[in-house]
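Colleague: sequence first, then the predicted structure:
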Amino acid sequence: MDKIRIVGGNALSGVIPISGAKNAALPLMIASLLTDETLTLENVPRLRDVALLTRILSNHGVDYSLNGKRAGEDHLTGQTIHLRASEIVDTRAPYDLVSQMRASFWVIGPLLARAHEAKVSLPGGCSIGTRPVDLFLMGLEKLGAKLDIDRGYVVSSAPGGLRGAEIVFPKVSVGATHTLMMAATLARGETVLVNAAREPEIADLAKCLIAMGAKIEGAGTGTIRIEGVERLHGATHRVLPDRIETGTYAMAVAMTGGDLMLEGTSPDLLDNALDTLTAAGAEITPTNAGIRVKRNGHGIHPVDITTEPFPGFPTDLQAQFMALMTRASGTSRITETIFENRFMHVAELARLGARISLDGQVATVEGVDRLVGAPVMATDLRASVSLVIAGLAAEGETTVSRVYHLDRGFERLEEKLSRCGAIIERLGGEGAR
Ligand SMILES: CC(=O)N[C@H]1[C@@H](OP(=O)(O)OP(=O)(O)OC[C@H]2O[C@@H](n3ccc(=O)[nH]c3=O)[C@H](O)[C@@H]2O)O[C@H](CO)[C@@H](O)[C@@H]1O
Ligand SMILES: C=C(OP(=O)(O)O)C(=O)O
């Protein structure tokens, strides 16, 4: 199994091209199930989750092809994928595939909308929390689907097709918003999603669905209105930049010191997190090319954060921010409100010398003068990258095992960082044991 070896202590300096967003690419690829014409997605990151989703979609009958980069584009990011579901050949999504990636459950919306039936394995719990699907089921029932849970599968049908309805979410859910928005595009009549998620990836999916002929208003706000249409057609869409990757590299340079240009991304995708980083002592300058992040000379200030749905501080940056706070000149409190078990990096950061205490959903981080490299283990996607960030700032060698978690969501991480002065390499085979 691969490991990542880091020798810490170098400041980061240079340009990092930001990839297309994993959390937009996945629902966008799933949207290909809604039409028999070709959906072309540009700037799709090369990630394990994307590869897995192509397998899941081909099971349903989606033919796909990958194009290389256009001349002149940086080879560190993106690919173009053409997806065509001329016919839905299988409406089942089996356990062995859905259990590997939660977002694959979202196929239930488009399958019900287009094929009027779906049998999709429950995604189950995962390391960051229990993650139930009650909001999806409530919404699909409102759209007229009949649902049954049978031996771990959600068995659903809507023989006469879905029909529009008002769906009020008692809690904000990104996945339920994506799924019901997709389902509603082909339902009869109007659907209104109230207390919808406002993440930029929702607006990006809506933009693509509109290009495919859907009638959607309000995506990116708490109320989304969808007027169902008879059919959708093909389109070409470019995946928006990954705000979590952007925030991760911004925190890395805030941690190591130095000067990074995060190319091709935009500050509006992350304003709360950037304000927090500024408060922590980073200098942030939006430019035409992207976002420049610097920290030279002065130390890292402690800042308290609470994770919240967009536009609040994202849970997907909580672990990385905690890594940064381990070196702050004082004590900070980090409150996780989205997932009940998203603190597994705490024990691993402690191996590097971090001082963190946990009380329920609150971590108290007492900044230390130095971290010292050690072997650590990745436990989930964002926890893994928090260990990389800490390793970059630690003295000596850190090895991160179980890096397959990282490959779910960070495109060519070692290449991007080593181009900017980090000593980081992947050890495979013998070296990784
Ligand atoms: C692929 C993708 O885009 N993943 C993101 C998505 O995950 P995901 O869409 O799974 O996260 P949700 O927004 O649905 O989850 C938010 C909260 O709602 C709860 N919930 C959700 C659905 C439901 O039916 N019932 C229920 O109780 C969850 O357990 C969690 O506590 O948004 C999360 C929150 O920003 C991010 O951390 C993930 O990176
Ligand atoms: C939690 C994440 O992804 P997923 O919802 O696919 O588990 C993430 O991207 O940080």
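Modeller: Looks like it came in fine. Ligands and ions are numbered 1, 2, ... in the order given.

Colleague: once you drop chain neighbours, what's closest to the residue of the stretch 201-350 of the chain found nearest ligand 2?
Modeller: Closest to ligand 2 within the stretch 201-350 of the chain is residue 316: 4.2 Å, counting by C-beta to the nearest ligand atom. (Glycine included, C-beta is placed from N, CA and C.) Using C-beta to C-beta, 6 or more residues apart in numbering and skipping the chain neighbours, the partner closest in space to residue 316 is residue 244 (4.5 Å).

Colleague: burial count for that neighbour?
Modeller: Neighbourhood size, residue 244 [other C-beta atoms under 10 Å]: 23.

Colleague: that one and residue 382 touch, don't they?
Modeller: Yes - using C-beta atoms under 8 Å, residue 244 makes contact with residue 382 at a distance of 7.3 Å.

Colleague: overlap in contacts of those two?
Modeller: Applying C-beta atoms under 8 Å, 6 or more residues apart in numbering, one finds that residue 244 and residue 382 are jointly contacted by 316-317, 409.

Colleague: quick one: the residue sitting furthest away from the middle of the chain from residue 189, how far?
Modeller: Distance from the C-alpha centroid of the chain peaks at residue 160, with 34.5 Å (C-alpha atoms, centre = their mean). Here the criterion is C-beta to C-beta, to the nearest Å. By it, residue 160 lies 13 Å from residue 189.

Colleague: on that earlier part again, just put the shared contacts of residue 244 and residue 382 in JSON lines and tack on secondary structure, distance to residue 197 and neighbour count.
Modeller: Putting the shared contacts of residue 244 and residue 382 into JSON lines (DSSP: H, G, I helix; E, B strand; the rest coil; distance: C-beta to C-beta, whole Å; neighbours: other C-beta atoms under 10 Å) gives the following:
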{"residue": "316", "secondary structure": "helix", "distance to residue 197": "13", "neighbour count": "26"}
{"residue": "317", "secondary structure": "helix", "distance to residue 197": "16", "neighbour count": "27"}
{"residue": "409", "secondary structure": "coil", "distance to residue 197": "19", "neighbour count": "26"}
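
Colleague: report the lowest-confidence entry in these.
Modeller: pLDDT across the shared contacts of residue 244 and residue 382 is lowest for residue 409, at 94.

Colleague: so the residue farthest from the centre of the chain sits in a strand?
Modeller: No - under DSSP: H, G, I helix; E, B strand; the rest coil, residue 160 sits outside any strand and is assigned coil.

Colleague: got a list of what the closest residue in space to residue 98 that isn't next to it in sequence touches?
Modeller: Of all residues not flanking residue 98 in the chain, residue 121 sits nearest, at 4.1 Å (C-beta to C-beta, 6+ apart). Shown in contact with residue 121 (C-beta under 8 Å, 6+ apart): 93-95, 97-99, 105, 152-154.

Colleague: mind giving me the domain split of this protein?
Modeller: Annotated domains of the chain cover 3-18+241-432, 22-238 [automatic domain parsing].

Colleague: between the two ends of the last one, how far is it?
Modeller: The reference is to domain 22-238. Across domain 22-238, the terminal residues are separated by 12 Å (C-alpha to C-alpha, to the nearest Å).

Colleague: pLDDT averaged over that domain - what is it?
Modeller: Summarised as a single mean, pLDDT over domain 22-238 is 94.

Colleague: check whether that domain contacts ligand 1.
Modeller: Yes - judged by C-beta under 6 Å from any ligand atom, domain 22-238 and ligand 1 are in contact via 23, 26, 102-103, 129, 131-136, 171, 173-176, 197.

Colleague: hang on, residue 225 in a strand?
Modeller: Yes - the assignment for residue 225 by three-state DSSP puts it in a strand.

Colleague: doesn't residue 191 make contact with it?
Modeller: Yes - counting by C-beta under 8 Å, residue 191 is a contact partner of residue 225 at 7.4 Å.

Colleague: for the two, indicate the residue with more neighbours.
Modeller: residue 191 (26 against 17).

Colleague: now do that one against ligand 2, distance only.
Modeller: Look at residue 191 and ligand 2: by C-beta to the nearest ligand atom, to the nearest Å, they are 24 Å apart.

Colleague: ok, residue 194 next?
Modeller: Per C-beta to the nearest ligand atom, residue 194 is found 23 Å from ligand 2.

Colleague: can you pull the contacts of that residue?
Modeller: Residue 194 sits in contact with 166-169, 222-223, where contact means C-beta under 8 Å, 6+ apart.

Colleague: how about residue 163?
Modeller: Counting by C-beta under 8 Å, 6+ apart, residue 163 touches 143-144, 187-189.

Colleague: that one and residue 116, how far apart?
Modeller: Distance from residue 163 to residue 116, by C-beta to C-beta: 12 Å.
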